[in-house]
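1. fold the stuff below for me.
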Amino acid sequence: MPTASNIVPTCTDFRSVARALTVAENDLPGAHDLLKSLTFTKATPIIGITGPPGAGKSTLVNSLIEQLVSKGNKIAVLAIDPTSPFNFGSLLGDRIRMAGHFNSPEVFIRSLATRGSLGGLSAKTIEMADVLRAAGFDYVLIETVGVGQSEIEIAGLADITFVVLVPESGDEIQNIKSGLMEIADAFIINKADRDDADLFANNLKKIIHQKETTEIPVFKTVATTGVGIDEVANFILSAKNIKNTRKEFLLSEKAYKLIQQKRMADVDKKAPAGYCRSLG
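-> Predicted structure coming up:
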């Protein structure tokens, strides 16, 4: 079983990164000391990819990895999958769409479960992102689950947050009111080869300009063929100095959840269910 002893995660040794992530994710002996010992030699941007189910986020991330690697970058990916409320397991299937990068020495991919979090991030995601930042990757991509309008926690962790939509996303005005739409540093309309994609993009731009004083980019992509992916990659490469004004507030909320998790660590979630059955 991995421990924290002498683990120094580095992007030149994926085994050390995997072991450090396992220790942090599962609170194995020495996890606290490991996290305290992390050193950050450079400012690694965290890129959040979020949006509703079926928007093609995993395929988009796969194409984006290819573009960033072609420009000489080392990439780490955290692909977050939803957790079953019954057995707390997860399919961890997003990696299937990134299978072409599994053997690349420039790409590290790790799946993890939400562990019941409704905001798309588990309480361990911040710690695991810190491990990847300390390992020296050039970019860390975090793909969240598609849980709808409540999925805003990624904006508290990411330096750049992309909200991925499709032309069939529905009423743009209703979408723009939601928390999910308000966290975007840029929008990506994926599957832009579908009908009414141009109309959807134009309406979205008009609504954004009405609500925002600064221009928020809207990219059109077809992730399956790579159309438009280079524009998204260039935005990431040129946006290293973007300041996330939401991070302080949302990270405070996340810190509260981490404290809550620590306090509740010894509570068996199945115990209340047994008590309810005894009453019934």
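
2. all strands of the stretch 51-200 of the chain, in order?
-> If DSSP state E, counting those that start in this stretch is used as the criterion, the strands of the stretch 51-200 of the chain fall at 75-81, 107-113, 139-143, 160-165, 186-189.

3. strands paired with the last one, and their directions?
-> Next to strand 186-189 in the sheet, as set by DSSP bridges, lie strand 160-165 (parallel), strand 218-220 (parallel).

4. comparing these, which yields the minimum mean pLDDT?
-> Here the strands paired with strand 186-189 differ in mean pLDDT, and the lowest is strand 160-165 at a mean of 91.

5. thinking again about what came up before, pick the most deeply packed of the strands paired with strand 186-189.
-> When the strands paired with strand 186-189 are scored by mean count of other C-beta atoms under 10 Å, the highest mean neighbour count falls to strand 160-165 (a mean of 25). Quick note: C-beta positions are derived from backbone N, CA and C, even for glycine.

6. surely residue 57 meets residue 47?
-> No. Under the contact definition of C-beta atoms under 8 Å, residue 57 does not touch residue 47, with a separation of 12.0 Å.

7. and residue 160, what is it in contact with?
-> 45, 46, 47, 48, 185, 186, 236, 239, 242, 244 (C-beta atoms under 8 Å, 6 or more residues apart in numbering).

8. which of those tops the neighbour count?
-> residue 48 (28 neighbours; other C-beta atoms under 10 Å).

9. sec struct for that one, please.
-> Classification of residue 48 into helix, strand or coil gives strand, according to DSSP: H, G, I helix; E, B strand; the rest coil.

10. and the spatially closest residue to it that is not a sequence neighbour, how many neighbours does it have?
-> If the residues on either side of it in the chain are set aside, residue 48 comes closest to residue 158, at 3.1 Å by C-beta to C-beta, 6 or more residues apart in numbering. If you count neighbours by other C-beta under 10 Å, residue 158 ends up with 26.

11. before we move on, what about residue 103?
-> As a burial measure, the neighbour count of residue 103 was computed by other C-beta under 10 Å and equals 7.

12. how far away is it from residue 206?
-> From residue 103 across to residue 206, the span is 45 Å (C-beta to C-beta, to the nearest Å).

13. cool, residue 264 as well?
-> With distances defined as C-beta to C-beta, the gap from residue 264 to residue 206 amounts to 46 Å.
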